[in-house]
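> Have a look; sequence and predicted model below, questions after that.
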Amino acid sequence: MSSVMHKTFPILLFFWVALVLGQNGPYNSHATAIESIFNGMEICIDENSPFDISELKIRVNGKIFSFDFDRNRLEKKVLKRHPNIPALVLILEKNGKRIKTLYSLRDIFDVPKDCYNLFLNVDPKQNTILLDGNILVLTKELHSERNKFNKVANGVLTRASTNTNTFFDEDGMAWELQPQCFNGYHNPLENVKLLHKNPGGGEYETIRKVLTDKDKNEGVVENSNCGKFGIGAKQVIKVIGTKLTGCNVTDPNNFGSTYNFGHTLLTNIIPKNLHDHFDVKPHKEWQSTYNYIQQNDCYKKTSPTAFLIDRSGSMGNNGPSGKSKLQEAQTAAINAITSMQNSQNNDQEVAFLTFSGGCTPDPTAGQPLVFSNDFMAVRRSIMAIPCAGGGTPLQEAVNATTTRIQNYVGSNASSSQPKLIVLSDGAATCGQVRPTQVYGSGMPAAYNAKAQNFASNSLTTQNNSEIPKVASDNFEQSSVNGIKVKYHTIGFDIRPGSKAERDLQYLASQTGGKYLNTQNEQELTRAFLKFFTVYKPKPASSLPDLDNTLKLSFETGVRAIASENYTYAKTIFEVFTEDTANDANAIFNLALMYEANDYHLLAIEKYETYLKLSPEAIDKEWVLKQIELLKSDRILFLDYSKKILASDLEYLKLHFEKIQNGQSVALADEFKGFIKEKGTYYDELPIKLGIDAPSQKNGFSEIAEGLKKCANLIKDDPTTWDKNATPPLSLVYFNLEKLISNF
Amino acid sequence: MAGNIVTTSNITIHTKMKNIKVILFVLLAASALNMFSQDEQTWKEAIIFEFSEPYEEMTISFDDEEFIFQINSNTEFLITKKKSIPKKDIFLGSTIDVSFIIENRNRVLTEVMVSRDEYSDEKKINGVFESFQGRIGYVDGRKIQLISDAAIACDTSKDCNCSKGRTFLDFEEIPLGSFLTVTGKADANGTYLASKIEVCKNIYTANDQQLMTELAKNFDATNLRKVGKVPSAFNSVNSLHNGKIKVGNLEYRLVDDIRVQGYINMIGNRLLPDYVKEESFTEENNVSFRFYVIESDVPNAFAFPNGMIFMHTGLLKLMENEAQIAAVLGHEIAHVTNEHGAKRFKTSKITSSGAAQKASRWVKNAFKKKANVASGSLLDGALDTALEYTTPENVMNLFNKKDETQSDRVGMYYMSQAGYDPREAANFWQIMMANTKDQKFMNKIFNSTLNMVNTMDDELDEINFDTLGKDGTDILVKTLLETVYTSHPLSVKRYGDINRLLSTIYESTDYTQMEIGKAAFGKYLNGLK
């Protein structure tokens, strides 16, 4: 770290850090690097550091000169420092020896990395010299630091008045919407360009991918011909409406947000057309990967997560460790939180609630819902959970907590989707959780709001438009306005395939969340941590010359991960890596998504491939640890799957008997749900389990096929399907029984 | 309830049954008289039951009875009027016309004429194109080799969907599942060297559509009685939830064991040729294969043209291993893939409305003819009604003999393709031959069928069954029983067919890799016995 400084950089660094943390700056990142110029000053530079000198005033013997090689030759009576150079110029010296003559105020020091002295070409012993002005020298380190001072639009932008292109961000900063034509970096088809003119000179830039809400006529993008912008010009983006939400586009290395030009108090010393000269890495070199959207840049960064822990009587029973299950859950939660705390990038707020007792509308009433990122406080609140007792009003507790979270998020204008982690060890004792036609997780179609006869899990707030949303074109998440709470559920010490487990599965799947079955404290800790995991993909391909289609697909995949659509992201990277098997970053992202989707073996395989492709990866240790975790996950998953298979077999048999003796009526709807749901399950299972034996694979695919056949029969003929379904169902049973015995 | 039909009829209607006895007696007397004649007589379409070295006797089945014929040096064995056939080449189960004279109260054969269909070398093969490898194809359960200048062209009949003048270069161009007419000559190994093939694409005609609709109506049991109001998607009117399935008007109980059902479905699916498993086949032809095991001691299995195949426990109980199940299911699948039911439907010329009733009438007429009941006679009405409620309203069980032979062949092809030892087909029919000859066994299944008739749908209460009487009921039961599996002559014929195939088409088969499936059979079906 260096600049124009006299070994003062530790102090400067301190100030920079203070500035970064304080976020209170006048936006003058380079101001700290600007030095007053004086004759003989020391300058420490990298090779090829750019420099810029401004407001240079020169007085020699009381006479004003200007720095101009051609027109301001030194007068005869002025004694020169280097007699062979007639002009008034600045000279870099080292130990009295001329190293470089500066013929321009804005140039590059093409000299070796070192510390030099800057002199005017006037002999200081014979003349009175007065220099006034500023100098800015950019070293690499300083320049990368300088990106920390970038400023981009924060949060929702609101149009200042109807006929203006000025928007104010949530910090009250004004941004001008720029008409923009085709631009390889900014992609005006999707992104708008906004500038903030710094009163001190220069400007900040925000490139934002616009979220549109046509219903509200907000953020609507309008394309029109670029017209006069000429060759290569394609289209310009405009924004209709008063609100502009979306995600800011950032560079792939996360140096900051978009390129910021000028960001200094220097007055117009750096012409715009030279701005990339002062970039650490000009954004044209990032090519299309420049258009990486970092989700968190969009909004405020808090991510509220509430725990809802079953405190019913059964949780007081002893678990495998000898402690009560409730105590095990408490320990696991504390372990998870401690581990979260130790990991960096923690922007989570956590709250704890428990439920038990009778069938009241809000079994959590009386407990305060306090979100906090003070982990000691959270820990204390976990420790303070009272002893177990009472029933399991699961449905009521989840509904009530959901509403409370929605209220919290609504009033705090918080950003990313709130999560509710539900832990239970038994079946709901009050309201019914699953609709009768659902066996377990149900069909994806049930994501639609209309299929939810469960709680109305959405809250309309007055400020709907400011509630962040994620583009929903390709994703399964409902795009209903309002806050949706994502449920992650944990079955603790419950029988795989049991009714209680299926209730929890249903809760999770309806909101795109995940269900995990755990049997002890250790598994529970891992489950908690999994729900807190933020998957951090590699933002760009590791291959240099990707065509645009591939680049776009990579970006889409990264975006899908950011919006937690892991199934979709998995598919994208599967397809992507078919063509680009050597792309270490794509392989890494695929591994990540296999992990997120419980394809343990495939995830291990891809992580290993990643390490093979980039043996010196900086995250090598992390990847190796991940592989170990996945191996133990896999063992648990195998064991769990075995139990599920056995439970399915039992279920099929039971229902066949019921069909036979005319008792199937009551559970008929659920049985249909079973058939529909399990087809997909058995389709995916052999890959998840890593089954290679053709006979077993075949068994699984026959099961999946048989179930799908039944599902079609139900669709074709909802009333008499069972007669036609007997043969395929019995075949499913046959194959399942055989698989279990060979497992 | 229907359970008392027989008891009632025994008491009240005895006198009327004498009519039938008289008629039957007259018939028997007439044939007895013939036996004393010295003139040469000819019986057509008899079936060879026993015929082996030193070829001094031949047992044949004619009119469901067995007769022993003497053979002497003058007996001629012919394939055409002028061409003879070596005795060793004649198979059991062959259909023959016999001419004989009576000498010393013995019937002595003068001439045995085998069927050209069964013995001619040069002939046309009609059947479904099942699979191919290069120039070798499988049609009608036989191996067909294209000779170098074989001509493959469209069959231009209306239902073939194949344009006049269209030719095919190779098997590769012919859609699997098409109906082919192959002209060729068998070589020593039973491979047919095809010189000409006519292709009829397997299309779903309006006629087929009509049949399927009728079947669906019948089978889908829209006429099932209501079990009461059921507040659920399992609509009682149409569903299976009482574990019963209606075939025509007979109600069968599905075997109450998902493992047994699954096992049979596994075998059935394993036998299916790939092309029928494709969704397009199901969609285009309205055929999807489903296998059901039904609770019935009558040893029977049958197929519907829509791919529903039923196996009675009574038949399973007689079997020894999985390959034998495969033999039966393969045979039934072949009926469907070769559209025997559909063809019969077509040939019975039922085109107008009420097709099912007409099919039923066709069966009834066949039955009455057999029972020698005159139209309009006293019994006629009662039988009509009884049959209405006992005969499947389709003709699946009445395939003609040629169809059965074809199904044997194709079924054996299916089973061997699936890796089952085809010799088990012969073993199975040997078991059936032994059983159908065994009077005790036949009595047992007769009683089972009687029970089945007695427990028919209670709507039958409305019928005056009394008029049928015991003998009438017996005839009814016999008719129901007359299936390919319970008729002794037909069993013999099957056995003969299969042995013939084993010694020709399958002569060079390597059986070492083929499966019999004894262990699995025991594991899944021991509970039945």
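Thanks, I have it.
> pretty sure residue A:307 belongs to a strand, no?
Yes - counting by DSSP: H, G, I helix; E, B strand; the rest coil, one finds residue A:307 located in a strand.
> Show me what it bridges to in the sheet.
Listed by DSSP bridges, the beta-bridge partners for residue A:307 are residue A:352, residue A:421.
> show me where pLDDT drops low in the stretch 401-529 of chain B?
B:401-402, B:448-486, B:529 (pLDDT under 70).
> Tell me which stretches of the stretch 201-350 of chain B form strands.
B:244-247, B:250-254, B:290-295, B:301-303, B:308-312 (DSSP state E, counting those that start in this stretch).
> Select, out of these, the one closest to residue A:632.
Among the strands of the stretch 201-350 of chain B, strand B:290-295 comes nearest to residue A:632, with 43.8 Å by CB to CB. To be clear about C-beta, it is placed using only N, CA and C from the backbone, and glycine gets the same treatment.
> What is the neighbour count of the closest residue to chain B within the stretch 251-400 of chain A?
Closest to chain B within the stretch 251-400 of chain A is residue A:395: 23.2 Å, counting by CB to the nearest CB. Neighbour count of residue A:395, defined by other CB atoms under 10 Å in any protein chain shown: 21.
> what's the answer for residue A:80, then?
Per other CB under 10 Å, the neighbour tally for residue A:80 reads 18.
> Can you lay out the strands of the stretch 201-350 of chain B as CSV showing mean pLDDT and distance to residue A:96?
Formatted as CSV, these follow (pLDDT from 0 to 100; distance: least, CB to CB, whole Å):
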stretch, mean pLDDT, distance to residue A:96
strand B:244-247, 63, 110
strand B:250-254, 70, 108
strand B:290-295, 88, 102
strand B:301-303, 79, 110
strand B:308-312, 86, 107
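> just to revisit the earlier point, could you check the pLDDT of the residue of the stretch 251-400 of chain A closest to chain B?
pLDDT for residue A:395: 90.
> now it, nearest residue through space, not along the chain?
residue A:431 (3.7 Å; CB to CB, 6 or more residues apart in numbering or on different chains).
> a strand runs through the one you found, doesn't it?
No - the assignment for residue A:431 is coil, going by three-state DSSP, so no strand is present there.
> What's the local residue count around the closest residue to chain B within the stretch 501-650 of chain A?
In the stretch 501-650 of chain A, the residue found nearest to chain B is residue A:649; the distance is 9.7 Å by CB to the nearest CB. Residues lying near residue A:649 (other CB under 10 Å) number 18.
> does it really touch residue A:733, like I thought?
Yes - applying CB atoms under 8 Å as the test, residue A:649 and residue A:733 come out as touching, 6.8 Å apart.
> Now find how far off-centre stretch A:44-62 is within its chain.
43 Å (CA atoms, centre = their mean, to the nearest Å).
> scratch that, stretch A:124-131
For stretch A:124-131, the distance to the chain centre is 58 Å (CA atoms, centre = their mean).
> Buried residues of it, list them for me.
Across stretch A:124-131, burial judged by 16 or more other CB atoms under 10 Å in any protein chain shown covers A:127, A:129, A:131.
> got a list of contacts for the longest strand anywhere in chain A?
Longest strand in chain A, counting residues (DSSP state E): strand A:49-60. The list of residues contacting strand A:49-60 from outside it, by CB atoms under 8 Å, 6 or more residues apart in numbering or on different chains, reads A:37, A:43, A:45, A:64-67, A:78, A:88, A:90, A:105-109, A:120, A:122, A:127-140, A:266-267, A:269-270, A:277-278.
> Make sure the residue of the stretch 501-650 of chain A closest to chain B is indeed in a helix.
Yes - checked against three-state DSSP, residue A:649 lies within a helix.
> How much space separates it from residue A:739?
Residue A:649 sits 9 Å away from residue A:739 when distances are taken as CB to CB, to the nearest Å.
> same check, this time on residue A:492
28 Å.
> can you tell me if stretch B:414-434 touches chain A.
No - figure legend: stretch B:414-434 not in contact with chain A (CB under 8 Å from any CB of the partner chain); closest approach 13.1 Å.
> start to end distance for that stretch?
By CA to CA, to the nearest Å, the extent of stretch B:414-434 from end to end equals 25 Å.
> Just the buried residues of that stretch, please?
B:414-418, B:420-433.
> quick one, what contacts whichever residue of the stretch 151-300 of chain B sits closest to chain A?
Closest contact between the stretch 151-300 of chain B and chain A, by CB to the nearest CB, is at residue B:262 (3.0 Å). Counting by CB under 8 Å, 6+ apart, residue B:262 makes contact with A:730-735, A:737.
> Likewise for residue A:365?
residue A:400.
> ok but it is inside a helix, no?
No - Residue A:365: not assigned to a helix; according to three-state DSSP it is coil.
> Which parts of the stretch 101-250 of chain A are helices?
A:140-146 (DSSP state H, counting those that start in this stretch).
> which bits of it sit near chain B?
So the stretch 101-250 of chain A never meets chain B (CB under 8 Å from any CB).
> low-confidence ranges in the stretch 101-250 of chain A?
A:140-150, A:180-189, A:198-203, A:211-238, A:250.
> now the strands: where do they sit in it?
Using DSSP E, counting those that start in this stretch, strands in the stretch 101-250 of chain A cover A:106-109, A:114-120, A:129-137, A:157-159, A:166-168, A:174-178, A:191-197, A:203-211, A:220-225, A:235-240, A:243-250.
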